[in-house]
Structure formats: C-alpha cells, structure tokens
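> Next comes the sequence, and after it the predicted model I'd like to discuss.
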Amino acid sequence: MTELKIDGLVKRYGDAEVLHGLDLDVEGNEFIVFVGPSGCGKSTFLRSIAGLEDISGGTIAIDGTPINGLEPDQRGVAMVFQNYALYPHMTVAENMGFALKMAGVSKPDIATKVNAAAEILKLEPYLGRRPADLSGGQRQRVAIGRAIVRAPKVFLFDEPLSNLDADLRAHMRLEIIKLHRQQGAISIYVTHDQVEAMTMADRIVVMRDGYIEQVGSPLELYNNPVNRFVAGFLGTPKMNFLPARVTGLRDATATFEILGTSIAVEIVDGEALSVAEGAEIEIGIRADGWDVVAEGEGMAGQVVHAEQLGRETVTFVMLEGDTQVTMIQTGQHQLKDGEAIWLKPAAARLHGFDGNGLSLPIARQHATDA
Amino acid sequence: MFSKGREPVSALLLLFPMLVLLGGFIFLPLGQVFVWSLFQQEVFGGPQRFIGLANFAEMGSDRVFWQALVNNMIFAVLSIVLQVGMGLVLAALLDHGVRRFRVVYRTIIFAPIVVSTAAIGLLWGLMLDPNIGPITDWMSLFGVPMPRNGILGEPDLALVGTIFVGAWQYTGFMMVILLAGMQSIPEELYEAARMDGCKGIRAFINITLPSIRNVIVTCVLLTVIGAFKVFDLVYVLTNGGPGTATEVLASYIFRNAFEFSNIGYANAMSVVFLGIALIFGVIQHRMIRK
C-alpha cells in the first residue's frame, strides 16, 4: 500500500511565494482531485510532486522515502499531460515504451509491458501508428498508456480531459476511474472543472491562492463547506448568496432576517455562533434549497426565465433589491417568464457565513436524509 | 486542373502576365542554353557552328571541370558540417542553455547574412592577407605557423579558407532557422521526456533532432544548393586560384563564357549544372516528411 506524504511544501518564484506550506497525506489507492480557480497553485503543486518544479521548502515522501531531491523518473510517479505531450515522431508503441527504453529495459521486456498496457486501453490496433493519425480520445489513451507502462506508485493527471469534447470527456472520466481501480495506485488529478472533481474524487483538495482551503470527500465538501469559497466553488448551479442579519440568538436556535423574511435555524450541538445578535452575515442557499410558498409568505420575486430540462426545472428568479437567485425543482414546473413567485429558504438546508466568510455551525439535513 | 464550373479562359487570362514573365526570363533562356550547348561559339552574337554533343564529350577529359565539381562537393560537405552543425549547436545553446541576452546573441550571430557576399569576401581577403591581415599576427601569438602566401595563397588551404568564410556568413542564418524550429517544439514534450528519464543531450538526440527533422533537411539542402551555386565568394576571395585550386563550377562556367570565349562549352556545363540542381530538388522533395 502506497503512502504519499507531503509536509509543509513551499514554492517560491524569486520573492513571490505561490505555495504556502501545504500538507497532504494520501494512502492506499485514493483518487485525489486538486481543484481550484486559475492561478490557485494546483498545477504547481502537481508539478512539484512530479519533480518538474523544484520546491523551496518542505518534503514530499513516498512510502517514507523523501523524493523531492530526486529526478522525475526516479520518483515512481508518472504524469499525463494536458496536451498529451506525445512524441510526434514515434509510433504509439515507441511512445509508450520510451521511459523503459531510457531506463535500459531490454526490448522484449518493453514489448511485453507495452502490449499489456495496450490491451488494457484497447490500443492494440494502433500500436504502429503515429500520434498525428489518432483521434483526440485515442491520443489521450496513449498518454495514459505511457504512464501505465511505468507501473508508477502515483499517477499524476494535469487537466487531461480539457481538450476533449463534452461527450468524450464524460466517457473518459469513467475510463480513468476504472483504470485507477485496476491499477491500485494513488492518482492525483488536477482540474478546474468542479464537475470532474465531484464525479471522480475519493477526496477533493480545494485550493485557493496557494493554500489548501479544505480536503474531504465530494459530499463532505458539498454538505459542509468550511467557508464561503468552498461553498461557492462546488456544486452546479452555484450556491446563492444573500445578505442577512442575526435577529435572535436563544439557546440552540438562531433567527436570521433575509430580505425581510425571518428564518429560524438550529445550531449544531455543542457549538456556538461566532457572531452576535445584530451582526451582518451572509446566507448561502443551494439551488435545491428553496421552498415555493403561497403568496405573501416568503420573499416576493419574479421569474426571469425557467429552463425546462425535463427531469428538473432550473428557474432564475429576481428577488426584491435586484438579487437574482437560481432554483432547481425536480420534475416539470410550468413557470412563465415574468410570473410572480414567492420563495422561502428551507431552514434545514441553509448555510451561513460570518464576516470573514467562515461557515457558521448551522445544523442541516441533506437531500439524502429526507 | 480547373474545377467544374470555373472558366479556364479567364484563368488563363489572369495567369498571362506571369506566364509572359516566366517564359521570357526563365524558359526562353533555359531553352537557349540547351540549344547553345550543342554549338561552338566564341563571341556573344558571333557565328555558331553546330558540333552536336562534342561540348559534353569535352567535359569528360577536362581536368579543371572535374576539379571544380569535386571542389563543389567538398564545399557542400564541409559547409554542411560547419553551417548546419555549428548552427545546430548554437541554436541548441540559445534554445535551452543561454538564459540572458538571448536576443542579443542571436542578432550578433545572425548579422553577417545581411552583409553582401562581395563585401564579406573583400573583408576576409584583408583579414587573411599574409602581409597586412591581422589573422597571421593572432595565429603567431598562439604559435600557429601560417603559410607565407597566406591561407588563400596556399593551394591546399585556399578552398578550406573559402569554405570557412562562407560558413562565417551563413551559420547564423542556419542557426536562426534551426532555432525557430526548436522553439516550435512544445515545452510539454521536454517535460514528458524528463518524466521518462530523458534530458540534456539525450533529450536533444531523442526529442529535439527528430522534431526538427524537416527543418534540418531543408537546411542541408539549402547548404548543398548554396555550395553548388557558389560564385561571388570564390570570385572575390581567390578568383579560383591559386592556379585552379578553388575553381568551382559557377566560376569555371563564367570563366569559359567571358574569359576563354568558350560560350558553347559554358552552356554545356550549365546544362550539367542544371541536372545536378534538379537532382537535389527531387531529393529534397522526397526527404521532407509530410
């Protein structure tokens, strides 16, 4: 069982520090996804593990052995690049066997390993072709095959699906996950696409500005984001954020006033709100966290547009004060553009954030609990 | 040739001016060369006497013709080594070795190409002059003996000296072409190679060279073609001498036409010259991989 341990990883370019002491422990055959907006440092983090970037501080160890001083090919890691990075002058077989050739492995052994990988990836008919004669999906498979052939302890993926069209991407997501299960190694996957993160990861590492914001399973992060950033980053459509005020605090119950509507929420057992009565806070409501209520009972709004997706309806509603929110309802709802509607946030699904954007300990029931 | 629905007549009309120019300045003279190669003629515009293939037969026994041809070949081979070889080394250094002042170096190394070859010939003629040129003095500082008549005055060295001056002019040009090729190689490819345990000289051999294969082929062919049509450099530096030591085809053709009054013979050699050029053209076409 492989163990990847990263301790206090720091990366500086000159005076600019871009990774600020990152810690991460990965064990067994986890599929880890680094996700975050452009420039958050996720790629630099990955490239540091690969050995393509020298690190400025900290250690990276695989199975207890520090690898941060080693050359990339000595680390027991393999990488799949965003643009495939296949050698255009080599055939598929030569591409896949190149690392072994460089390592001085005998030709018959290379052929055996390349053929084995080609069989897994269904690349056998293409072994003699050059990358230019392959489709995007086939090239991607060759790039993965090149990594598999080396039997690494850690697979590194740098946004590998971003060049593929939507259909193929969904297909390759599943392929990669299946391969990952077969290989039984650690996989670290970088993406800016939160759907890829949610669908593929055992654990997601959300990054921002060179810091790790939160690490956890997709649902942990979705249900209990530690701050406004994580809450807003994961989930489609995005969480709605509304300004609110704390109007009452009694025992385990707090009352918030949101756009003139009062909502009572329960505080998590043994926790206390870090804000006082009267404090300005921010409320987060997922698109499925709304109840449509009778006229005059909740927040008044107007339907801007309703997207009929058949299985569900996505409605954009303009609330008073020019605040537009998104609502998802399962099933088909006939809502006309411009129609008046009254909404109330479901108290048991509410997120709250203090002035620093940190999550308030509000007790929640999630969709699965219902 | 013309796709359906297009008017061949109007196409011909549009091509007409270009066809006139090509015909008048390329094909007509070309045909004339073929015709004149079958005649003996001593003065331009003077009387011609048909002698069949006698001019071509004469080449077989003409020692200077063969020497010129061999000189062209030596010129080509050494130029490939110097221009493309050095160009590759310099390009590789600028591509991955040198970090600072890259553009400055590139500009300096490229600079000689913008000077006319005649001027470069005169300049290097002075540099290499045994009496007033500085090269002899510099060499003596290192204890390197120099021939009394200078490098260009020594039959065994004059050709090499000429080739060196040619390389001095063209290496920078080759470097720029090769460098452009190298810089079009995505950095990700080198990173993939590093992950595969291939870097430095091994990456140069396994990644860089194959990636710019077509560029190298083009450079080699440009060098060979340049070496076979070289004239100005030889004319200015050595005028084919000492004796006939640095005579090349172009200079020998020129000499026959304008100094020896062997116009028919010069035309016949031009035909052979054209044949050689065509062979290289075909080789280039074949070697560039799509």
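Nice, thanks for sending it over. Residues are numbered from 1 along each chain as shown, chains lettered A, B, ... in the order given.
> Any regions of the stretch 51-200 of chain A where pLDDT drops low?
Counting by pLDDT under 70, the stretch 51-200 of chain A contains no low-confidence range.
> Any idea which residue of it lies closest to chain B?
Going by Cβ to the nearest Cβ, chain B is nearest to A:D73 of the stretch 51-200 of chain A, at 3.2 Å. Every C-beta, even on glycine, is put in place using the N, C-alpha and C of the backbone.
> residues near the closest residue to that residue other than its chain neighbours, how many?
Take A:D73 and drop its neighbours on the chain: the residue closest to it by Cβ to Cβ, 6 or more residues apart in numbering or on different chains is B:G197, 3.2 Å away. Using other Cβ atoms under 10 Å in any protein chain shown, B:G197 has 19 neighbouring residues.
> Backbone dihedrals for the closest residue to chain A within the stretch 1-150 of chain B, both of them.
Taking Cβ to the nearest Cβ as the measure, the point where the stretch 1-150 of chain B comes nearest chain A is B:R99, at 13.8 Å. In this entry, B:R99 is assigned phi and psi values of phi -100, psi -40 (degrees, to the nearest 10).
> Kindly report the same for A:R75.
In this entry, A:R75 is assigned phi and psi values of phi -90, psi -10 (degrees, to the nearest 10).
> Does it touch A:P66 like I think?
No: distance between A:R75 and A:P66: 10.2 Å, which falls outside the contact criterion (Cβ atoms under 8 Å).
> Neighbour count: those two, which is higher?
Neighbours per residue, other Cβ under 10 Å: of A:R75 and A:P66, the larger number sits with A:R75, 22 against 13.
> list the contacts for the more buried one?
Neighbour list for A:R75: A:A50, A:G51, A:I62, A:I67, A:V154 [criterion: Cβ atoms under 8 Å, 6 or more residues apart in numbering or on different chains].
> Could you give the number of residues near A:V325?
The number of residues near A:V325, taken as other Cβ under 10 Å, comes to 23.
> What separation is there between it and A:M198?
The span separating A:V325 from A:M198 equals 22 Å under the rule Cβ to Cβ, to the nearest Å.
> What of B:V234?
Distance, B:V234 to A:M198, using Cβ to Cβ: 73 Å.
> neighbour-wise, which of these two wins?
For B:V234 and A:M198, the more surrounded residue by other Cβ under 10 Å is B:V234, and the numbers stand at 28 against 19.
> Spatially nearest residue to the more buried one (excluding sequence neighbours)?
Among residues not flanking B:V234 along the chain, B:S251 sits closest, at 5.0 Å (Cβ to Cβ, 6+ apart).
> Tell me which residues touch that neighbour, please.
If you count contacts by Cβ under 8 Å, 6+ apart, B:S251 has them with B:A68, B:F231, B:V234, B:Y235, B:N239, B:G240.
> Likewise for A:M90?
Per Cβ under 8 Å, 6+ apart, neighbours of A:M90: A:F98, A:R130, B:P210.
> Just the buried residues out of the residues you listed, in PyMOL syntax.
Under the burial definition 16 or more other Cβ atoms under 10 Å in any protein chain shown, those of these that qualify are selected in PyMOL by:
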select buried, chain A and resi 98+130
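> who's in contact with B:C219?
B:Q83, B:V84, B:G87, B:M174, B:I177, B:L178.
> Let's see if you can find the most crowded of those.
The most crowded member of the contacts of B:C219, judged by other Cβ under 10 Å, is B:M174 (31 neighbours).
> tell me the pLDDT at it?
According to the predicted model, the pLDDT of B:M174 comes to 94.
> related to what we said a few turns ago, now, which of the contacts of A:R75 lie within strands?
Among the contacts of A:R75, the residues falling in strands (DSSP state E) are A:I62, A:V154.
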